[in-house]
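Asker: Fold the following.
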Amino acid sequence: MEGNLEESKDPTVPVTVLTGFLGSGKTTILARLLRDPRFTRTAVIINEFGEIGLDHELLEQSREELVLLSNGCVCCTVRGDLLSTLKHIDGRRAGFNVDRVVIETTGLADTAPILHSLMADLPTVARFRLEHVVTVVDGFNGLETLNEHAVARRQVAMADRLVCTKLDLIGGKAANALRERLSALNHFAPQHAADHGAIDPDLMFRVRESSKDGTSGDPWLEGLEEAAHAGAHDHDHDVEGHKHHDADIESYSIVREEPISMAKFESWLRMITAMRGADLLRVKGIVNVLDHPDRPVVIHGVQHIFHPPRVLDKWPGTDRRTRLVFITRNIARDDIDATLQVF
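Answerer: Sure, this is the predicted structure:
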């Protein structure tokens, strides 16, 4: 169907959060994507930092309908505006003919509050679903930006997919160094490159059709194929020269062979979020539940906020192990593993 990248039985509207530090090229990519006829039913929500809506001016030739959030701190003011804007879009979906929402954040945005809004407000959860967090990285200034700005590191760490821009301005050695640095921060997010803002839309928005990784294309579970292979032997992804900057952020996985009591697992989640919620940047995975082993549970959390657990009708693949992916700040894998083992 024209304007829809992929048909889905899910009645909720998919939402992609497009983030990246100042000057990374988010708007250029978005403007190119919105000229694609497949995006004619996309609603765009733009948060801007500053008095002049430059992003709005850049995009208005590509879209007739734009929702421009009020200026202000994305961690405070925008949370309320975002929910009311989504409600407004939902109320006018028939007129807008909307089947996808893209939220472009300001370059200084911490991704977490936006994800909290999408996951914690029950009316929003009933109408919209988080599909992907896509982080754009400036290939030319990327390493310096990651060194100097903690928010840029968090944007990378919390991504489902990474898009590098301006790689044509640097050599192969520098590009490889950037890729290694990104992997050190988040080795579960696939990395793609944009050529002067052009990128295959499927790389950013399409849910994978293949179920070889046992996720049935569920975007929340991207990275579980690697998690299944890594198991209890995650590799050390420190990059020479960057350990000082990235030592606080780690990405790792935990795999359990035996089914887990859902009641005990939920008790563990409550305990770990109460103790270290601010440092659990993202947690996602699929759980083999002792209570109903043929119907696994999908979990997804950002810091202390967890989306209501979703029970699948059946396992999407042959791998029935519990696989959990963690992106954390100053929480060692062994600490997570030890507390889970106790429960």
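Asker: What's opposite the residue nearest the centre of the chain in the beta bridge?
Answerer: Of all residues in the chain, the one closest to the mean position by Cα atoms, centre = their mean is Val133, 2.8 Å from it. For Val133, the beta-bridge assignment (DSSP bridges) gives partners Val17.
Asker: list the contacts for it?
Answerer: By Cβ atoms under 8 Å, 6 or more residues apart in numbering, Val133 lies in contact with 16-17, 19, 111, 115, 158-161. (C-beta placed from N, C-alpha, C; glycine too.)
Asker: And the next helix or strand past the worst-scoring helix or strand of the chain on mean pLDDT?
Answerer: Every helix and strand in the chain was compared by mean pLDDT, DSSP states H and E; the lowest is helix 243-246, with a mean of 50. The helix or strand immediately downstream of helix 243-246 is strand 249-256, counting by DSSP states H and E.
Asker: If you count neighbours, what's buried in the helix or strand following that following strand?
Answerer: Later in the chain than strand 249-256, the nearest helix or strand by DSSP H and E is helix 262-276. Buried residues in helix 262-276, counted by 16 or more other Cβ atoms under 10 Å: 262, 265-266, 268-269, 272-273, 276.
Asker: Next: stretch 105-125.
Answerer: Of the residues in stretch 105-125, 105-121, 124 count as buried by neighbour count, 16+ other Cβ under 10 Å.
Asker: List the contacts of Leu203.
Answerer: 161, 163, 192.
Asker: What residue, apart from its backbone neighbours, is nearest the first one spatially?
Answerer: Right, Arg161. Distances taken as Cβ to Cβ, 6 or more residues apart in numbering place Val134 nearest to Arg161, at 5.0 Å, with adjacent residues excluded.
Asker: Neighbours of the one you found, how many?
Answerer: By other Cβ atoms under 10 Å, 25 other residues sit near Val134.
Asker: Could you report the separation of it from Met158?
Answerer: For Val134, the distance to Met158 equals 11 Å [Cβ to Cβ, to the nearest Å].
Asker: Over to Asn186?
Answerer: Asn186 is 8 Å from Met158, by Cβ to Cβ.
Asker: Residues that sit against both of the two, list them.
Answerer: Joint contacts of Asn186 and Met158 (Cβ under 8 Å, 6+ apart) are Ile327.
Asker: helix, strand or coil for Leu108?
Answerer: coil (DSSP: H, G, I helix; E, B strand; the rest coil).
Asker: Isn't it up against Leu22?
Answerer: Yes: with contact defined as Cβ atoms under 8 Å, Leu108 reaches Leu22; the gap is 6.7 Å.
Asker: Could you pull out the residues contacting both of the two?
Answerer: Common neighbours of Leu108 and Leu22 (Cβ under 8 Å, 6+ apart) do not exist.
Asker: Give the phi and psi angles for Arg161, as a check.
Answerer: phi -140, psi 140 (degrees, to the nearest 10).
Asker: again, but for Val311
Answerer: phi -90, psi 120.
Asker: can you count the residues close to it?
Answerer: Using other Cβ under 10 Å: Val311 sits among 12 other residues.
Asker: just the strands in the stretch 201-343 of the chain please.
Answerer: For the stretch 201-343 of the chain, strands defined by DSSP state E, counting those that start in this stretch occupy the ranges 249-256, 280-287, 297-302, 305-306, 310-311, 322-329.
Asker: who does the first one touch, helix- and strand-wise?
Answerer: Here strand 249-256 touches helix 150-157, helix 224-230, strand 322-329, helix 333-342, going by 3 or more Cβ pairs under 8 Å, 6 or more residues apart in numbering; DSSP states H and E.
Asker: Need these in JSON lines (columns: mean pLDDT, mean neighbour count and distance to Pro309).
Answerer: Putting the helices and strands packed on strand 249-256 into JSON lines (pLDDT from 0 to 100; neighbours: other Cβ atoms under 10 Å; distance: least, Cβ to Cβ, whole Å) gives the following:
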{"stretch": "helix 150-157", "mean pLDDT": "94", "mean neighbour count": "23", "distance to Pro309": "23"}
{"stretch": "helix 224-230", "mean pLDDT": "58", "mean neighbour count": "19", "distance to Pro309": "16"}
{"stretch": "strand 322-329", "mean pLDDT": "92", "mean neighbour count": "23", "distance to Pro309": "13"}
{"stretch": "helix 333-342", "mean pLDDT": "89", "mean neighbour count": "14", "distance to Pro309": "16"}
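Asker: Can I get these in CSV including distance to Arg32?
Answerer: Listed next are the helices and strands packed on strand 249-256 as CSV, based on distance: least, Cβ to Cβ, whole Å:
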stretch, distance to Arg32
helix 150-157, 21
helix 224-230, 29
strand 322-329, 29
helix 333-342, 39
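Asker: Please name whichever of these is nearest to Leu33.
Answerer: helix 150-157 (19.0 Å; Cβ to Cβ).
Asker: who touches that closest one?
Answerer: With Cβ under 8 Å, 6+ apart as the criterion, helix 150-157 contacts 19-21, 108-112, 135, 137, 145-146, 162, 182, 185-186, 189, 245-246, 249, 251, 281-282, 327, 329.
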